[in-house]
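Enquirer: Let me see the structure of the following:
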Amino acid sequence: MHPTRRAFEHVHKPLIRFLGRRQWPSSPAPQHPHPAAPKEFADAFSEFLRKFNSSLSAPKKMPTSSSIEGRVYEFWEAPERLFRPRSRILEEWEIEAIESGGASMY
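Expert: Modelled structure (predicted):
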């Protein structure tokens, strides 16, 4: 037998089959409560949607100051307690010992 002919007889067939191009809808589906939601949630869903959509349409103001009501927008404005490590602070000689390899100094 010819080895090349045998190679063509048994062609690898992948186990994964792709279905082809997907057709995505041009508009989103209408919003509805989850089918397994409790009845009281399903009944109040239309009111929730009304409140949610009204909150989206209202323009949101960005704060003029960088820190308002305890919010921090830049990391350097955070309280000092957030920069302190929970363990003890390393001394300069300890940092140098770690950076140099440490074993040769002792």
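Enquirer: Helix or strand: which one has the spatially most central residue of the chain?
Expert: Nearest residue to the geometric centre of the chain (Cα atoms, centre = their mean): Tyr73, 19.5 Å. In the assignment (DSSP states H and E), Tyr73 maps to no helix and no strand.
Enquirer: Next: Ser46.
Expert: Assigned by DSSP H and E, Ser46 belongs to helix 45-57.
Enquirer: pLDDT averaged over that helix, what's the number?
Expert: Taken as a whole, helix 45-57 carries a mean pLDDT of 86.
Enquirer: just for the chain, where's the confidence low?
Expert: For the chain, the stretches with pLDDT under 70 are 1-8, 58-69, 85, 102-106.
Enquirer: need the helices for it, in chain order.
Expert: Using DSSP state H, the helices of the chain run over residues 3-9, 39-43, 45-57, 92-100.
Enquirer: Send me the longest one as PDB with only the CA atoms.
Expert: So that's helix 45-57. Below are the C-alpha coordinates for helix 45-57, written out as PDB (Å, rounded to 0.1, in the frame of the first residue of the first chain):
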ATOM      1  CA  PHE A  45     -41.100  45.500  38.300                       C
ATOM      2  CA  SER A  46     -42.800  48.200  36.200                       C
ATOM      3  CA  GLU A  47     -42.500  50.700  39.000                       C
ATOM      4  CA  PHE A  48     -38.800  49.800  39.300                       C
ATOM      5  CA  LEU A  49     -38.200  50.300  35.600                       C
ATOM      6  CA  ARG A  50     -39.900  53.700  35.700                       C
ATOM      7  CA  LYS A  51     -37.700  54.900  38.600                       C
ATOM      8  CA  PHE A  52     -34.600  53.400  36.900                       C
ATOM      9  CA  ASN A  53     -35.200  55.100  33.600                       C
ATOM     10  CA  SER A  54     -35.900  58.400  35.200                       C
ATOM     11  CA  SER A  55     -32.600  58.200  37.100                       C
ATOM     12  CA  LEU A  56     -30.800  57.600  33.800                       C
ATOM     13  CA  SER A  57     -32.300  60.600  32.100                       C
END
